[in-house]
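Engineer: structure for this input, please:
(chains A and B)
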Amino acid sequence: MSDVQTPARRFSITPGDFAREYGVLTIIVILMIGLSLISDSFLTARNLLNILNQSAPLAIIACALTLVIIGGGFDLSTGAIFGVASVAAGWIAVHVDPYTAIIAGPLIGLALGTLNGAIITGFGVHSFLVTLATSLVYRGIAILITGGALIPVRIAEFSWIGRGRIGMVNIAVIVLIIFMVIFMVLLNRTTFGRRVFAVGGNEEAAILSGIRTNLIKIVTFSLSGMAAGLAGVIAVSRISMASPQAGIGMEFEAIAAVILGGTSIMGGSGAIWRSVAGVLLMALIGNGFNILNVNPFFKDLTTGVIIVVAVALAASGRRSR
Amino acid sequence: MHTTFKAAILSLTLATPLSAQAEDFNIAFLAASSQNGFNQAIYDGIKEAASGYDNVSTQIFDGEFSATAQFSQVEDIVAGGKFDAIIITPNDTVGIATALEDAVKAGVKVGTTLFPVGPELTEMEPQVPGLTVTVASTPVVGATAQANAVVDYCADKDPCKVVVLIGQLVFPFDNVRNDTYKEILGEHDNIEIVATGEGNYSPQDSMIAMQDILQANRDIDVVLSNADQHLMGAEVAIADAGLDMSQIYTLGGGLNQIAVDAIKAGTWTGTLAQFPKSMGAAALDAMVDALNGETPPTWIDEYSLRETPKIITKEWLDENPDFEPEWQG
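Structural biologist: Just a heads-up that it's a prediction; the model follows:
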């Protein structure tokens, strides 16, 4: 059910088993070695921190989305929540107060995510359909807030969370690390986490075990919304610009990262670190292309091939278990 | 007096039914995306021009940046029979042609803004039989003006290192622009295009592309882009890299309020002028003329709508302090 292997299996692991079990990490290492050999600019602290910084908003969403998917759900509204939270935070920062805006983004996300969960469990409709529908509603709200225009937010009290640094490390990266650790603890070290695995693994059995499955589902969607809101605030803060189109397609990138990492799309198994690794793999591909100045036409092609290889490795790992 | 009175009665008798018969025109605007500020500005121009007529009403449709969504909208409009004319900002300039051709055959007048409709992006005369008007200019014109400005700036630099931030190379119009940049800049041995990044018309994506490009190329002289949104993202990446944007020659495209502010402040060097509101108004007027049985020009050059240079610089803005751009950003 969980991502943890039995002790006996750990001791007998071969390089082939490792590559299959940790497909996404294997591809990341191969890519990093390759890019380091081709470009002097790649393996520098500045560039690696740069990749982490760029990945922070998507990785934050992917962390929370992992809970939703392990719990047997699907959230197609994260991109739209990211958009609403972005423009709402931008508007509040300009018209009300920048610190209120930073808090408001995740809270708006939390409210919209909770609404998703309430509709899904209340009406018994599949999360795929509900979040597809609510994503349209949320995107519409983003347009209503802005009228389709960008909102410049050049306010130092707001931009620190996206652009500030402690030493060489961006605050956004620190936020991501804290967020990731909290979610890892939540998933692997709490009763709530065990119940998320139980609901995604076998919902009927979970109900019979006395688990309030609806409540667990609502919480996973609430956290997913909150994460999208937080990511939205970080992104707006970083570019000092709120756009109603922000986050379009981000839900698919987040889902791709989670699946790419090896979390089961069927629910019941997965890990937070896997999703972050999936995000980093996609970021590495983009970074490599930009650094090497390869024709962008080849980017999608290469990204697709690498994703297929990583997913195939992960799938063969699951079969061999 | 008696004769005059009778003439007045006769005139009123004739005029009353004529005015009562004045036809109402419903005109649909098929935006590439109603969520996009540029498209919203085109529609603002359409609405403003329509308000000058008593009998014209307009409605916007959201093309969702999707070719298929827009194709279906044309089919629905033709089937519905409610609209007399369509003004479109096409997402797919080639694929939409057949749907528009059917619309024309069904008696719906069709005009296009920003891009022509048909296989040739550089051909402004109608490629769809019966198309009423194209309000646009070929992407080559703007890209040429931008590339020539870069050539002028680079004249005394060797090497002159240029970063190109283009929208998306899968879009035919961006491909045309990129080819134009490469062709003109390639004629000068001192100019080197060190990187080409895709900005996807998003400040966020542009920032990421520029951050990566700066890892390998810190000593750049020029950032050349087809969109102001790209420069917004590039500005963040350049500042984060500890570079001074005002020391780099930066040229965007679109001429929105954010760009004007940045150019006035001396942060950006310039931008390619575009006038979405004027385009929308010109298209609406042409469609109303056509619906009234007149013959409007088949092509209205975007650059004939406002008297400005193609490349807007700080010098020009300082000389024209009252100038206002036509869209926010």
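Engineer: I'd say residue A:264 and residue A:275 touch.
Structural biologist: No. Contact criterion C-beta atoms under 8 Å: residue A:264 and residue A:275 do not qualify, at 12.0 Å. Any C-beta I mention is one placed from the backbone N, CA and C, and that applies to glycine too.
Engineer: these two: which is more packed in?
Structural biologist: Each of residue A:264 and residue A:275 has its neighbours counted (other C-beta atoms under 10 Å in any protein chain shown); residue A:275 has more, 33 against 18.
Engineer: so what's that one up against?
Structural biologist: By C-beta atoms under 8 Å, 6 or more residues apart in numbering or on different chains, the contact list for residue A:275 reads A:59, A:62-63, A:65-66, A:257-258, A:261, A:263.
Engineer: where does the nearest residue to it once chain neighbours are set aside land on pLDDT?
Structural biologist: Spatially, and ignoring its direct neighbours in sequence, residue A:275 is nearest to residue A:62 (4.1 Å; C-beta to C-beta, 6 or more residues apart in numbering or on different chains). At residue A:62, the pLDDT value in this model is 98.
Engineer: follow-up on the earlier one: and of the contacts of residue A:275, the nearest to residue B:43?
Structural biologist: Nearest to residue B:43 among the contacts of residue A:275 is residue A:65, at 35.5 Å by C-beta to C-beta.
Engineer: report the secondary structure state of that closest one.
Structural biologist: Following DSSP: H, G, I helix; E, B strand; the rest coil, the label given to residue A:65 is helix.
Engineer: run through the residues of the stretch 201-329 of chain B sitting next to chain A.
Structural biologist: Within the stretch 201-329 of chain B, the positions near chain A by C-beta under 8 Å from any C-beta of the partner chain are B:202-204, B:207-209, B:211-213, B:215-216, B:229, B:232-233, B:236, B:240, B:258, B:327-329.
Engineer: apply 7 Å and report the result again.
Structural biologist: For the stretch 201-329 of chain B, the contact set with chain A under C-beta under 7 Å from any C-beta of the partner chain comprises B:203-204, B:207-209, B:211-213, B:215-216, B:232-233, B:236, B:240, B:258, B:328-329.
Engineer: tell me the mean pLDDT for the helix or strand hosting residue B:73?
Structural biologist: Assessed by DSSP states H and E, residue B:73 sits inside helix B:67-80. What helix B:67-80 shows for mean pLDDT is 91.
Engineer: chain B: strands as residue ranges?
Structural biologist: B:25-31, B:56-62, B:85-88, B:109-114, B:133-136, B:160-166, B:191-198, B:222-225, B:249-253, B:270-272, B:299-301, B:311-313 (DSSP state E).
Engineer: pull the residues that contact the fifth one.
Structural biologist: Counting contacts by C-beta atoms under 7 Å, 6 or more residues apart in numbering or on different chains, the residues outside strand B:133-136 that touch it are B:111-116, B:124, B:126, B:279, B:282-283, B:286, B:296-300, B:302.
Engineer: name the residue of chain A that lies nearest to chain B.
Structural biologist: Residue nearest to chain B within chain A: residue A:290 (3.2 Å; C-beta to the nearest C-beta).
Engineer: what's the next secondary structure element after the helix or strand harbouring that residue?
Structural biologist: Taking DSSP H and E as the criterion, residue A:290 maps to helix A:272-292. Elements were assigned by DSSP H and E; along the chain past helix A:272-292, the next helix or strand is helix A:297-320.
Engineer: for the residue nearest the centre of chain A, give its distance to residue A:251.
Structural biologist: Closest residue to the average C-alpha location of chain A: residue A:62 at 1.5 Å, with C-alpha atoms, centre = their mean. Residue A:62 sits 11 Å away from residue A:251, taking C-beta to C-beta, to the nearest Å as the criterion.
Engineer: with residue A:84 instead?
Structural biologist: On the measure of C-beta to C-beta, residue A:84 and residue A:251 end up 13 Å apart.
Engineer: before we move on, back to that, got a PyMOL select line for the buried ones in the contacts of residue A:275?
Structural biologist: Only the buried entries of those go into this PyMOL selection, using 16 or more other C-beta atoms under 10 Å in any protein chain shown:
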select buried, chain A and resi 59+62+63+65+66+257+258+261+263
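Engineer: is it true that residue A:113 touches residue A:219?
Structural biologist: No. Contact status for residue A:113 versus residue A:219: not in contact, 9.3 Å apart, counting by C-beta atoms under 7 Å.
Engineer: just want to know which of these two has more residues nearby.
Structural biologist: Taking other C-beta under 10 Å, residue A:113 and residue A:219 do not tie; residue A:113 has more neighbours (31 against 21).
Engineer: can you name the next helix or strand after the strand or helix carrying the more buried one?
Structural biologist: Using DSSP H and E, residue A:113 maps to helix A:98-123. Once the chain leaves helix A:98-123, the next helix or strand it forms, by DSSP H and E, is helix A:127-146.
Engineer: could you check the angle helix A:98-123 makes with that following helix?
Structural biologist: With axes from the mean of the first three to the mean of the last three C-alpha atoms, to 10 degrees as the basis, helix A:127-146 and helix A:98-123 are set at 150 degrees to each other.
Engineer: now helix A:127-146: buried residues?
Structural biologist: For helix A:127-146, using 16+ other C-beta under 10 Å, the buried residues are A:127, A:130-132, A:134-135, A:138-139, A:141-143, A:145-146.
Engineer: do stretch A:176-191 as well
Structural biologist: A:176, A:179-180, A:183-184, A:186-187.
Engineer: what of stretch B:276-292?
Structural biologist: B:276-291.
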